[in-house]
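S.K.: here is my input, please return the structure:
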Amino acid sequence: MRRRWTGKDITEFRKSSLFSKSALGRLINRHARTIREWERTPLKPLTDTVSRAMDLLKQQETERVEEFRQSFGEFFDQRIEASESGSISGQDIYNQYKLWLGQDRDPFEFARYYRLAFGGFRFGSKFQGIAWKPIRAATPEIPDQVVGVRFEQEVDGRLSLARGAPLTEQERGRLSGLHEMMREAAEDLFESVRSSNGYTTLRRPTERYLKVLQHPTSELRDGDIEVLYACGLSLQAARETLAREIDRGDAPSEDIRIASPLQQLLGLHGPFLQSTKRGIELYDQTDRDRRTHADEMELKNKQSALNKLLAEAPSLISPVAQQTIEAVTSTMAIGSQEHRSNVTGRNAIRNLWSAVARLAASPRMHVNAAGTAAGAVAGKMLLASNTGIAVVAGGAATVDAIVGTGGQAVAAAQAFVLQNGILIKALADAGGPSFGWIKPFVDWLKHHAQRFGHEQ
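M.R.: Below you'll find the predicted structure:
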């Protein structure tokens, strides 16, 4: 506790104190001479008597606020889990507040408690009445994922590739013949490159491409088209790399068993994708979008550094998703299809961080596997946002998705962002305007982790 308060300190204290203005006013009036002097020199320390009295008030307030935080944290936990809408009405919270006090009190007093314990507050239009509105906590705005490689939560909570909506019956009909031809070509190509040590450059891109094609035509979805588009760019870049290796003498001349299925696969790639609405969208956006080579190299380098760290975070992202983001990043700023690789990589990177942010901002905060608190009570970091009395972004479905083992993924996302905030902010700078939301989100997460004492 400070020992010597100033008049300015008291002014600030009065704005948010739990104690009424009249009680504080009596204290100040008791030392009117000192206060008159203070008004002329606002930063001059007050007498020891006033300072000791203010210390006592501040200590009482701190203890009361901590009691409020603990009591209401448990209440929020229980009500969020029970709520179908994923929110709590202001009236429910105020009723709990009256039970906690054991008597009716002014709602404005509750507002002061809430502000001191959890941050900002907001009430419905009928502030004094019963009809308070349910209010969701305001996290920083996280954009929806765009067309391209997208990510979603698996059953265990961690991120994996999103498969999206099923293709239409007409699309599946157009693809059926092409699909079989491409799958056979991919299988022949993979068998050839797998059995030779001279063509390792093609091995992983071919394997990823074949994995997407192994879904039956009847089960293909938008997300498969997006991933296949990215895999095609990786395969084309690998082919160009192999050609340079052959020219340097670092690889054997291209075997017909490799050249033929590879040429067939890449020749069918465009017609196959453009037989779908999502494929047409992918080609259209890459033809319209441009950034400089230097811009994309900087973004590529920043994401490549983060990819190495993501490879060490299996609780956050699945191996398939991690390998895919690594692959699309590696094809940026190179090759004959550079402009398409750049847009594909940039959209995938943006989508990844959108998914990570939504996971990190989930309403239930957990302790990770190592026992380190990455967040604590359900929803508290959301409750602490500047516009929220209650709770939560995402709704009941999101709560259900991260209960149990999914909590480890939430903790992993929070820990990853907190531990690598500087690198992630540098990535945001390199990504341009569409990445502008990332830095405010990192700051928000860090601020609220510090508030509740859970920063890694």
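
S.K.: how much space separates Q419 from K446?
M.R.: Separation of Q419 from K446 (C-beta to C-beta, to the nearest Å): 10 Å. (C-beta placed from N, C-alpha, C; glycine too.)

S.K.: also D255?
M.R.: According to C-beta to C-beta, D255 and K446 sit 54 Å apart.

S.K.: same check, this time on A238
M.R.: Noted for A238: a distance of 39 Å to K446, by C-beta to C-beta.

S.K.: out of these two, which sits in the busier spot?
M.R.: More crowded of A238 and K446, by other C-beta atoms under 10 Å: A238, with 25 against 15.

S.K.: packing partners of the helix or strand encompassing the more buried one?
M.R.: For A238, the host element (DSSP states H and E) is helix 222-248. Under the contact definition 3 or more C-beta pairs under 8 Å, 6 or more residues apart in numbering; DSSP states H and E, helix 222-248 sits against helix 200-213, helix 256-273, helix 277-288, helix 319-330, helix 338-360.

S.K.: may I see the buried residues of that helix?
M.R.: 222-239, 241-242, 245 (16 or more other C-beta atoms under 10 Å).

S.K.: okay, now the domains of the chain?
M.R.: 7-118, 137-167+281-456, 169-275 (automatic domain parsing).

S.K.: worst average pLDDT in these?
M.R.: When the domains of the chain are compared by mean pLDDT, domain 7-118 comes last with a mean of 64.

S.K.: what about the strands in the stretch 51-200 of the chain?
M.R.: Remark: strands assigned in the stretch 51-200 of the chain by DSSP state E, counting those that start in this stretch are 151-153, 159-161.

S.K.: relative to G198, how far out is the residue nearest to S196 when sequence neighbours are not counted?
M.R.: Closest residue to S196 apart from its sequence neighbours, by C-beta to C-beta, 6 or more residues apart in numbering: D255 at 7.4 Å. Going from D255 to G198 by C-beta to C-beta gives 8 Å.

S.K.: and these two? Which one has more around it.
M.R.: More crowded of D255 and G198, by other C-beta under 10 Å: G198, with 17 against 13.

S.K.: wait, that one sits on P252?
M.R.: Yes: G198 lies in contact with P252 (C-beta atoms under 8 Å); the separation is 4.3 Å.

S.K.: end-to-end on stretch 272-291?
M.R.: Length of stretch 272-291, first residue to last, C-alpha to C-alpha, to the nearest Å: 27 Å.

S.K.: for M332, give me its contacts.
M.R.: 296-297, 299-300, 338, 341-342, 345-346 (C-beta atoms under 8 Å, 6 or more residues apart in numbering).

S.K.: filter the residues you listed to the buried ones?
M.R.: Buried by 16+ other C-beta under 10 Å: 296, 299-300, 338, 341-342, 345-346, out of the contacts of M332.

S.K.: can those residues go into TSV with extra columns for distance to Q285?
M.R.: As requested, the buried ones among the contacts of M332 are exported to TSV (distance: C-beta to C-beta, whole Å):
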residue	distance to Q285
E296	15
L299	17
K300	19
E338	15
S341	13
N342	11
G345	13
R346	11
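
S.K.: what's the most distant pair in the residues you listed?
M.R.: Maximum pairwise distance in the buried ones among the contacts of M332, criterion C-beta to C-beta, is 13.0 Å, between L299 and E338.

S.K.: beta partners of R221?
M.R.: Beta-bridge pairing of R221, defined through DSSP bridges, involves P166.

S.K.: how about it, what does it touch?
M.R.: Applying C-beta under 8 Å, 6+ apart, the residues near R221 are 163-167.

S.K.: which of those count as buried?
M.R.: The neighbour-count test (16+ other C-beta under 10 Å) marks 163-164, 167 as buried among the contacts of R221.

S.K.: packing partners for the one helix or strand K446 maps to?
M.R.: Assessed by DSSP H and E, K446 sits inside helix 438-451. In terms of contact count using 3+ C-beta pairs under 8 Å, 6+ apart, helix 438-451 is assigned the packing partners helix 338-360, helix 380-383, helix 406-419, helix 421-431.

S.K.: can you tell me how far R239 is from G270?
M.R.: Applying C-beta to C-beta, the value for R239 to G270 is 15 Å.

S.K.: nope, H179 is what I meant
M.R.: 14 Å.

S.K.: again with N420
M.R.: Taking C-beta to C-beta, one finds N420 at 37 Å from G270.

S.K.: okay, these two: which has more neighbours?
M.R.: Just comparing N420 and G270: by other C-beta under 10 Å the higher neighbour count belongs to N420, 19 against 13.

S.K.: contacts only, for the more buried one.
M.R.: 306, 309.

S.K.: try G432
M.R.: Going by C-beta under 8 Å, 6+ apart, G432 touches 291, 295.

S.K.: Q285: what's it in contact with?
M.R.: With contact taken as C-beta under 8 Å, 6+ apart, Q285 is in contact with 147, 343.
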